[in-house]
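[1] turn this into a structure:
(one chain, ligands or ions: 1)
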Amino acid sequence: MLIKNVHVDNQAALTDVQIKDGHFSKIAPNLVPDAGEQVIDGQGKVLLPPFVESHIHLDTQLTAGQPRWNESGTLFEGIRIWGERRQELTKQDVKQRALATIRLLVKHGIQHIRSHVDISDPRLTALQALLELKEEVKDQVDIQLVAFPQDGVLTNLQEKGLMEQAIKEGVDVIGGIPHMEFTTEDGWESVHYLTRLAERYDRLVDMHCDEIDDPASRNLEVLAADAYKRGIGDRVTASHATAMGSYNDAYASKLFGLLKRSGMNIVANPLVNVHLGGRFDTYPKRRGLTRIKDLTAAGINVSFGEDDIQDFMNPLGDGNMLDVIMMGVYVDHLMGYHQLQDSFKFVTYNGARTLHIQDQYGIAVGKPANCILLNAPDFYHALNEHREVLYNIRHGKVIAETRPAKTQLYLGF
Ligand SMILES: [Zn+2]
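    Numbers count the residues shown, from 1 in each chain. Below is the predicted model of the structure:
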């Protein structure tokens, strides 16, 4: 396959990209197609590596309204509703909804997904469904599964055993939720326990960490210190870290030093964080988001996730990462022209770092030929006008194609 006239990675220069045997073989202007080679005319549009969904819960998606709607919109009502809904989980139910979600993601240019999966259910139904599904769809999308102890690994007495079982069944990543444990001390102990497990079983780490507007919720420093001391920082991620939006600046400055030394990753979920954050405030009302701009400026890796699509936490969402970026740049004041042009990195290269797949990711000769063609001359226009992913290409094969809708105006001017 030869893709002509594209701005690779949103760069100003136009070039061509050739693919052979599922890998990028040449990147240079004026390439000539081989006889019979498929040619895609990029028409001066942007070619990026596929979008990375750094944080989603495939087991809970598309359950909005089941068994009832989260009318208060709070995290705590959401968790209660999920407690009821998960009683009814079957493998088939999980697989059907996860597949429907994956179709939405692929349509919007995603090929790499990190999905948390709730392991509080002693039957581990959702985990088994998603382990099967991961294998079934691996030619089209990569799925990393995170064992997520929704009720707290120390708070729910069965959870430690379930975590070990989930690891043995094949999860890629160890999750956690230290700020939801009974006490501050339990939160810290859960972090130590889980990072020890990750080291013992050679797994990545991604915890829901300090997803609360409480400036006293400081599990992130414990996780970062553990990651640093164990030398596993690039394999460790803190998701949400929204308490950071409430920390004082002196403490944040000290924390940033530790985060930087640890080399760990932060995932922000701008849509869901804004929706669930600030719920206990009257006015002034906090934004409920981590410090995306400051972390990025400090050289700490931040990527974005959707977290929830049409479920008990978030009634909206359709798999489009442009919505996530749009919310992130507005809420955290990343609205400078160059910040907007660069904002694709939150859902591409930064996401690949979070998922620890950077070796196999990116548009470069020799790497797997995974890429997306956006219907825009640069990322600013793609974001601003919600442009389509025209082609989602995996190992040199088109796995999704979108024809833009056309509007005809009858205004007389
Ligand atoms: Zn989550």
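[2] poorly predicted segments of this structure, please.
    Within the chain, no range satisfies pLDDT under 70.
[3] contact partners for D213?
    Counting by C-beta atoms under 8 Å, 6 or more residues apart in numbering, D213 makes contact with 242-243, 245-246, 277-281, 286, 288. Placement of C-beta: from N, CA and C, glycine included.
[4] before we move on, what about I357?
    112, 142.
[5] what of E169?
    124, 127-128, 131.
[6] by neighbours, which of those residues wins?
    In terms of neighbours by other C-beta atoms under 10 Å, those top out with L127 at 24 neighbours.
[7] need the three-state assignment for the residue lying closest to that residue once chain neighbours are set aside.
    Beyond its immediate neighbours in the sequence, the residue positioned closest to L127 (C-beta to C-beta, 6 or more residues apart in numbering) is V117, lying 5.1 Å away. Secondary structure for V117, judged by DSSP: H, G, I helix; E, B strand; the rest coil, is strand.
[8] I figured V117 hits Q128, correct?
    No - judged on C-beta atoms under 8 Å, V117 makes no contact with Q128 at a distance of 9.6 Å.
[9] could you list the domains of the chain?
    Per the record, the chain has its domains at 2-49+363-401, 51-360, by automatic domain parsing.
[10] now do the last one: distance to the chain's middle.
    Using C-alpha atoms, centre = their mean, to the nearest Å, the mean C-alpha position of domain 51-360 is found 7 Å from that of the whole chain.
[11] so what's Y247 up against?
    Applying C-beta under 8 Å, 6+ apart to Y247 gives the contacts 215, 255.
[12] can I get the domains of the chain in JSON lines with distance to Y410?
    Below are the domains of the chain laid out as JSON lines (distance: least, C-beta to C-beta, whole Å):
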{"stretch": "domain 2-49+363-401", "distance to Y410": "22"}
{"stretch": "domain 51-360", "distance to Y410": "29"}
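[13] so which of those is the most packed in?
    Comparing the domains of the chain by mean neighbour count (mean count of other C-beta atoms under 10 Å), domain 51-360 ranks first with a mean of 20.
[14] reformat the contacts of E169 as a markdown table; add distance to E71.
    A markdown table is the format used below for the contacts of E169 (distance: C-beta to C-beta, whole Å):
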| residue | distance to E71 |
| --- | --- |
| L124 | 31 |
| L127 | 30 |
| Q128 | 32 |
| L131 | 34 |
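[15] where does Q111 fall, helix, sheet strand or coil?
    In three-state terms, and counting by three-state DSSP, Q111 is strand.
[16] wouldn't it be in contact with E53 here?
    No - counting by C-beta under 8 Å, Q111 does not reach E53; the two are 9.1 Å apart.
[17] can you give me the strands for the stretch 101-250 of the chain?
    Remark: strands assigned in the stretch 101-250 of the chain by DSSP state E, counting those that start in this stretch are 110-118, 142-148, 173-174, 204-209, 236-240.
[18] other SSEs contacting the third one?
    To tie it back to what came earlier, the one meant is strand 173-174. Using 3 or more C-beta pairs under 8 Å, 6 or more residues apart in numbering; DSSP states H and E, the elements in contact with strand 173-174 are strand 142-148, helix 184-201, strand 204-209.
[19] what lies in contact with the last one?
    Spelled out, it's strand 204-209. With C-beta under 8 Å, 6+ apart, strand 204-209 has contacts from 55, 114, 116, 144, 146, 148, 172-180, 191, 194-195, 198, 219-220, 223, 227, 232, 235-241, 267, 354, 356.
[20] partner strands of that strand, with direction?
    Here strand 204-209 is paired, per DSSP bridges, with strand 173-174 (parallel), strand 236-240 (parallel).
[21] now it and helix 184-201, what's the angle there?
    Orientation check (axes from the mean of the first three to the mean of the last three C-alpha atoms, to 10 degrees): strand 204-209 against helix 184-201 gives 170 degrees.
[22] ditto for the first one
    Following the same axes, to 10 degrees, one obtains 140 degrees for the angle between strand 142-148 and helix 184-201.
[23] what's next to strand 142-148, contact-wise?
    So strand 142-148 is contacted by 57-58, 111-119, 127, 130-131, 133-134, 137, 162-163, 166-167, 170-175, 177, 204, 206, 208, 355, 357 (C-beta under 8 Å, 6+ apart).
[24] 7 Å instead?
    Strand 142-148 is contacted from outside by 111-119, 130-131, 134, 137, 163, 166-167, 171-175, 206, 355, using C-beta atoms under 7 Å, 6 or more residues apart in numbering.
[25] C-alpha coordinates for that strand, CSV please?
    What follows is strand 142-148, C-alpha atoms only, in CSV (Å, rounded to 0.1, in the frame of the first residue of the first chain):
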residue,chain,number,x,y,z
ASP,A,142,-4.7,-4.6,21.0
ILE,A,143,-6.3,-4.8,24.4
GLN,A,144,-4.4,-4.6,27.7
LEU,A,145,-6.5,-5.7,30.7
VAL,A,146,-6.1,-4.2,34.1
ALA,A,147,-7.3,-6.2,37.2
PHE,A,148,-9.3,-3.5,38.9
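[26] mind putting the strands paired with strand 204-209 in TSV, distance to D308 included?
    Formatted as TSV, those follow (distance: least, C-beta to C-beta, whole Å):
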stretch	distance to D308
strand 173-174	18
strand 236-240	12
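[27] of the ones you listed, which is nearest G44?
    strand 236-240 (36.0 Å; C-beta to C-beta).
[28] start to end distance for stretch 401-413?
    Taking C-alpha to C-alpha, to the nearest Å, stretch 401-413 runs 33 Å from one end to the other.
[29] so what's the gap between that stretch and the chain middle?
    Averaging C-alpha coordinates over stretch 401-413 and over its chain gives two centres that are 32 Å apart (C-alpha atoms, centre = their mean).
[30] identify each buried residue in it, please.
    The neighbour-count check on stretch 401-413 (16 or more other C-beta atoms under 10 Å) flags T402 as buried.
[31] residues touching it, excluding its own?
    Outside stretch 401-413, the residues that touch it by C-beta under 7 Å, 6+ apart are 107, 375, 388-391.
[32] ok, which stretches of the stretch 1-150 of the chain are helices?
    Counting by DSSP state H, counting those that start in this stretch, the stretch 1-150 of the chain has helices at residues 75-85, 91-107, 125-136.
[33] typed the wrong thing, it's the stretch 301-413 of the chain
    Remark: helices assigned in the stretch 301-413 of the chain by DSSP H, counting those that start in this stretch are 321-331, 337-342, 349-355, 379-384.
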